[in-house]
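Asker: the following comprises the amino acid sequence and a computationally predicted model.
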Amino acid sequence: MTPGERKLYSVALNLEAAQYLAGWRPEGGTLFLPALSEGRVHDEVAVRIGIFGQTIRATVFGTISLVRRVGRPSLPPGIELAVDRVSLPAAGFLALAARGENVNFRERAPRYVFERPLLITSDGRDREVGTINLSEGGCAVAWDGPLPMVGEVVSIRLAEGLFSSTARAVVCWNAIGGPLERCVGFRIIAEGRAARAWKQVAVDAAKSGANAA
């Protein structure tokens, strides 16, 4: 992490329905999480949230706006998350699920079936992979070997070197697609030049006439 760069935390949480609803403030777009009290204001967070009794999960991204390091039963330690605009639908979807309402939510944006080489750095190891599909928000790739954990943060760039800056990405899901095929889904969390470069990759995929995934 370079000087001045905000730290990114990634975590998976299972919350009681009442616990989630007590922490969700839709009018302000904030979410209190009883975790990461060691974080600092302005640090970034990618959290995979599940509600006990529900099978659905969603990934919520945001920035820490408040830290409570010492609490009591009615006010546990944790952080308040200013939820990213693109994650507000996911946070609202989790609230519906916590209330026991019927929900129909697609976490990802439309994707295109498009093959593109990428170079991913995970745990200090470079791995060349190819995309299965991609969008402005992320991609799915074929993966050999042990699957990375949901919530893990990696560095990602095009293997062809079409943008020089390195983008960060977080593992949103992993799955075995068949007897030998392993797949990983990434969400791009880049800013600036890297974000613009990734967006251009998605634009190129759309213009190529690739089928929707």
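Answerer: Okay, I see it.
Asker: given the helix or strand of the chain with the lowest mean pLDDT, what are its sheet partners and their directions?
Answerer: Taking mean pLDDT, DSSP states H and E as the measure, the helices and strands of the chain show their lowest mean at strand 167-176, namely a mean of 80. Applying DSSP bridges, strand 167-176 is found paired with strand 153-158 (antiparallel), strand 182-188 (antiparallel).
Asker: can you list contacts of the shortest one?
Answerer: By that I understand strand 153-158. If you take Cβ atoms under 8 Å, 6 or more residues apart in numbering as the criterion, strand 153-158 is touched by 8, 10, 46, 116-122, 148, 163, 165-171, 186, 188-189, 194, 197, 201. (Glycine included, C-beta is placed from N, CA and C.)
Asker: 6 Å - rerun?
Answerer: The contact list for strand 153-158 (Cβ atoms under 6 Å, 6 or more residues apart in numbering) reads 8, 10, 118-122, 166-170.
Asker: with the longest one instead?
Answerer: The set of residues that contact strand 182-188 without belonging to it, under Cβ under 6 Å, 6+ apart, is 137-141, 143, 147, 167, 169-170, 172-177, 198.
Asker: list buried residues within these.
Answerer: Among these, those classed as buried by 16 or more other Cβ atoms under 10 Å are 137-141, 143, 147, 167, 169-170, 172-174, 198.
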